[in-house]
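[1] Got a predicted model here, sequence first, then my questions.
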Amino acid sequence: MELQLNPSKNKYFQLIIIFLSAIAIGIALSIWLNYNPLTSQLLKAGGETTIFDRTSHGMQQPAPNLTEKQLALHIEGDSAFEATFVTAPAPIHSGLGPLFNNSSCTNCHINDGRGTPVKGQMLVRVSYPPNQLAKIDQNNPAVVLGNTPPVAKLGNQIQDQAIYGFTPKAAVEVEWLEKSGTYGDGSLYKLRSPQLKITLPDSKLLSSDILTSLRVPPPVFGRGLLEAISESTILDLADPEDKNNDGISGRVNRVWDMRKKAVVLGRFGLKANNPNLYQQNAAAYVNDMGITNPLFPEPDRRMDIDAKILESTTFYTQTIAVPGRTLTDDPIVQHGEKLFTQANCAVCHVAELHTGDHEIQQIAHQTIHPYTDMLIHNLGEGLADGRPDFLASGNEWRTPPLWGLGLTQTVLPYSSYLHDGRARDLAEAILWHGGEAEKSKESFRNMSQSDRTALIKFLASL
Amino acid sequence: MLVGLLSFTSGCNNSLSESTNSTPRSQSASKTTFNQQILRDFADKVVIPTNHLFAVKAKELSLAVDALVKNPNQKTLQNAQNAWVAARSPWEQSECFGFGPVKTLGYDGSLDTWPVNETDLKKVLDSQDPITREYIEKRQDTEKGFHVIEYLLFGEGKNRQVNQLKKRELAYLQALAEDFSRVASLLADSWTKGVEGKPAYREIIATSGNSSNTIYPTIQTGGQEIVAGMVDSLSEVSNSKIGKAFAKKDSKLAESRFSLNTLTDLKHNVEGAQNVYLGHFLAEKTAGMGLTNYISEVNPSLDYKVKQEFQLALKALNQIPQPFEKSVVDPQSANTIKAAQEAVNNLSDTLDKEVKPLIKS
């Protein structure tokens, strides 16, 4: 019996082992397929704040890792972000203007996405050339350090709308100047740049001595993560003297923190002229909508919104989810990613960063893929606005994050790229790069058409 | 681990694949895949007919206002008020597909900004400014659109008497309704013909997944767009449109407080989402493939649940005593409002957490 039983027992055990191995392999395979660490890390552009939504709603979702209490505050902030202000007195949302560019955050940042250069979404910053320092208030460090002497009657921003009975600062029209160029393979491309026509209330055109900079709204998501990157991480990426001799010399902007009353690292705004999201939001309220607030009150200390609203809007902008990547399995996308690295684009558009400490735990210590170094770079004459801002020169711009780039026109059809919306597609955006990015631009310009297509497809997968 | 095991085994076992087909991997093995026909029908049988009816009703509103201005009496006022309510219905039904040109080209702002800038509007009416359609077009969004027309036609608390309407108010109404109708037509055209040199938006959603389509590079993203739109509109109904006024017990926060039409608006929002799910727009007698055709194949019990929850949400809204503007401050109605909020939330959650994942690639 024992002799007969043993083989069958053995067989029985073998079967169990085979069965268990099959299950183990199955589990391992399915885990690998579903949670391939490399793929999932790449896909998780915003670490634990990533969502997978490639629809028009993809840039305005709450980070999925918020607590219930945080989610409630985020929703409150979302609602403040959407509130349309009207002329005082009013039962709700009172205090618009008297001068403004638009009446709510979301009317510029439509769907929280990238805007277009049209009235209501675009704005124009102005200043005297910095050598006219005599005109500024020497007691205000933000103004002294800002390098943007305010223009008489205009200040630093043209509010082109006004409540009834007030006159907008100016009327802004944009005309487009086209120029053409040639790819290395001989095919043609066209680029357009904006020509501003700014008409003052007395019907005169704005003097050409005054520095102007046209801006379109950038997307809002992921900003909390950028706020949570430690200063040392950003400084480590900087190479102001170009010691490594790669022709790229990113540096930091140093700006005025109104709450700390100190000079700190600049992070936000197209030239990194704002230190944090609280100040960025407060400045947008007062400059874009004429909504006075705790950081920018009326001269008599009255304000249109209280600290609670400003804090909730700030929290909202700190905790919007980052849309995860798409089409990462596509070989063309993968080829495009290699080309992106080979062309040195990733030297400034740094793929992976780690966030440090932040009062919101959910955005602290995350591995993120923003494709920015948070530094300002000289992008050449073609893109220059010629208007300095704190330490940033007229040629310098902060590397914009590229995460979510492929969702731009899903979120807001017809929107365009770069600081003033001049680039109608991603190829045009690359072709405008110059200065420190000249060599990378040239690499792209000299690629074969299929390589150019692959690189663009990679960008669209972000 | 358990999820991983199930998704692995479902590939080998047909009986299991039925119960685990909510995972994307096993879904591809299913005979039914989410296809472009649902997206084409979404555009052709739901969005375009809804926008078309809205443009027609906006034109009728403009004509009814013309008649009121020409011959102001209680009857012509009543007709204009009815025309406003009639135009409101397709518009509210369209809110669950509020993506594309309606946002980017500023139509949503021009047609339906809230609240009304009453202060500036009074100043304009008290001024000597010549009132023309072009003048209105240049005013702020808070001085035009549905709610300004509503404010002028209905007055506070639906108390408007025709003899209260001054000459300049009538002139403003007339120019405003004309501009409103113009924008409603542009919205309809933006999907069918294209405006400002841009292609018809119908093509964008209907060709999701085609290699030239950079906005919706996969069919699934097109499908998710239409579900996300429903979820967005429904959560706005429960959290914002009901939620804000209910939390603060303040009827001034009700959306259509001049006409007391808020509750009807809310029902139309839910019906609009239902149209998308079922792939039809009965008011224009159009019907095609809806999400239901796909969901009923891959998960029949979920399809049943969604349809049931649409009915429950509409029923719960019907339980709230009209008008919402009074119920929202009446403690006796609080339970009905809470129940409606919950029913709409349940529906929104089911679409977001159960339907949307099924459309993932």
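    Cool, the structure landed.

[2] Now residue 308, what are its backbone angles?
    Using chain A here. Here the main-chain torsion angles of A:K308 (degrees, to the nearest 10) amount to phi -60, psi -40.

[3] do stretch A:70-86 and chain B meet at all?
    Yes. Shown here: stretch A:70-86 in contact with chain B (Cβ under 8 Å from any Cβ of the partner chain) through A:I75, A:S79, A:T84, A:V86. Every C-beta, even on glycine, is put in place using the N, C-alpha and C of the backbone.

[4] Return the member of the residues you listed nearest to A:L295.
    Ranking these by separation from A:L295, with Cβ to Cβ as the measure, puts A:S79 on top at 20.7 Å.

[5] What sits closest to that closest one if chain neighbours are left out?
    Using Cβ to Cβ, 6 or more residues apart in numbering or on different chains and skipping the chain neighbours, the partner closest in space to A:S79 is B:S240 (6.8 Å).

[6] how many neighbours does the one you found have?
    Residues contacting B:S240 under the criterion other Cβ atoms under 10 Å in any protein chain shown number 16.

[7] mind checking the SS state of it?
    Put simply, B:S240 is helix when judged by DSSP: H, G, I helix; E, B strand; the rest coil.

[8] do the one 4 residues further on as well
    Each residue gets one of three states, and B:K244 gets helix by three-state DSSP.

[9] That one: what's it in contact with?
    Taking Cβ atoms under 8 Å, 6 or more residues apart in numbering or on different chains as the definition of contact, the neighbours of B:K244 are A:S79, B:L253.

[10] swap the cut-off to 6 Å and go again
    By Cβ atoms under 6 Å, 6 or more residues apart in numbering or on different chains, B:K244 lies in contact with B:L253.

[11] B:L347 too?
    With contacts defined as Cβ under 6 Å, 6+ apart, B:L347 is in contact with B:L234, B:E309, B:A313.

[12] What segments of the stretch 201-350 of chain B are helices?
    Counting by DSSP state H, counting those that start in this stretch, the stretch 201-350 of chain B has helices at residues B:201-206, B:219-235, B:243-248, B:262-278, B:291-298, B:300-319, B:324-327, B:334-350.

[13] any chance of those helices in CSV, with mean pLDDT too?
    As requested, the helices of the stretch 201-350 of chain B are exported to CSV (pLDDT from 0 to 100):
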stretch, mean pLDDT
helix B:201-206, 96
helix B:219-235, 96
helix B:243-248, 94
helix B:262-278, 98
helix B:291-298, 96
helix B:300-319, 98
helix B:324-327, 96
helix B:334-350, 98
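
[14] what does chain B put close to chain A?
    If contact is defined as Cβ under 6 Å from any Cβ of the partner chain, the residues of chain B in contact with chain A are B:4-5, B:7-8, B:99-100, B:103-104, B:113, B:115, B:117, B:119-120, B:123, B:142, B:215, B:221, B:224-225, B:228, B:232, B:252.

[15] Take those and keep only those in strands.
    Within those, membership in strands is found for no residue, as judged by DSSP state E.

[16] What subset of the residues you listed is buried?
    For these, a burial check counting by 16 or more other Cβ atoms under 10 Å in any protein chain shown picks out B:4, B:7-8, B:99-100, B:103-104, B:113, B:115, B:117, B:119-120, B:123, B:142, B:215, B:221, B:224-225, B:228, B:232.

[17] ok, now which ones touch A:P201?
    Applying Cβ under 6 Å, 6+ apart to A:P201 gives the contacts A:T167.

[18] ok, which residues in the stretch 101-250 of chain A are in contact with chain B?
    With Cβ under 6 Å from any Cβ as the criterion, the stretch 101-250 of chain A meets chain B at residues A:I110, A:I163, A:Y164.

[19] Would you confirm that the second one contacts A:G97?
    What that stands for is A:I163. Yes. A:I163 lies in contact with A:G97 (Cβ atoms under 6 Å); the separation is 4.2 Å.

[20] any common contacting residues for the two?
    Here A:I163 and A:G97 have no joint contacts, going by Cβ under 6 Å, 6+ apart.

[21] Give the residue spans of the chain that score low on pLDDT.
    With no chain named, the answer covers chain A. In the prediction, chain A carries residues with pLDDT under 70 at positions A:1-42, A:133-135.

[22] Actually, chain B is the one I wanted.
    In the predicted model of chain B, residues B:1-32, B:361 satisfy pLDDT under 70.

[23] residues near the closest residue to A:D357 other than its chain neighbours, how many?
    Residue nearest to A:D357 in three dimensions, not counting chain neighbours: A:A364, with 5.5 Å by Cβ to Cβ, 6+ apart. Here the number of neighbours of A:A364 (other Cβ under 10 Å) works out to 16.

[24] where's the residue of the stretch 251-400 of chain A found nearest chain B, which helix or strand?
    Residue nearest to chain B within the stretch 251-400 of chain A (Cβ to the nearest Cβ): A:L327, separated by 6.3 Å. With elements delineated by DSSP states H and E, A:L327 resides in a region that no helix or strand encompasses.

[25] leaving aside the residues next to it on the chain, what's closest to it?
    Nearest-residue entry for A:L327: A:S461, 4.6 Å, with adjacent residues in sequence omitted and distances by Cβ to Cβ, 6+ apart.

[26] show me what contacts the one you found?
    Here A:S461 is in contact with A:R325, A:T326, A:L327, A:V333, A:G406 (criterion: Cβ under 6 Å, 6+ apart).

[27] want to throw the residues you listed into a markdown table with neighbour count and distance to A:K197?
    Formatted as a markdown table, the entries for those read as follows, by neighbours: other Cβ atoms under 10 Å in any protein chain shown; distance: Cβ to Cβ, whole Å:
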| residue | neighbour count | distance to A:K197 |
| --- | --- | --- |
| A:R325 | 23 | 40 |
| A:T326 | 22 | 40 |
| A:L327 | 18 | 41 |
| A:V333 | 21 | 41 |
| A:G406 | 26 | 34 |
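
[28] just to revisit the earlier point, my guess is the residue nearest to A:D357 contacts A:H358. True?
    Yes. Under the criterion of Cβ under 6 Å, A:A364 makes contact with A:H358 at 4.2 Å.

[29] shared neighbours of these two, which are they?
    Common neighbours of A:A364 and A:H358 are listed as A:A228 (criterion: Cβ under 6 Å, 6+ apart).

[30] Check the gap between the residue nearest to A:D357 and B:V237 for me.
    In this structure, A:A364 and B:V237 are separated by 35 Å, where distance is defined by Cβ to Cβ, to the nearest Å.

[31] Check whether A:L191 sits in a helix, strand or coil.
    Local secondary structure at A:L191 is given as strand here, using three-state DSSP.
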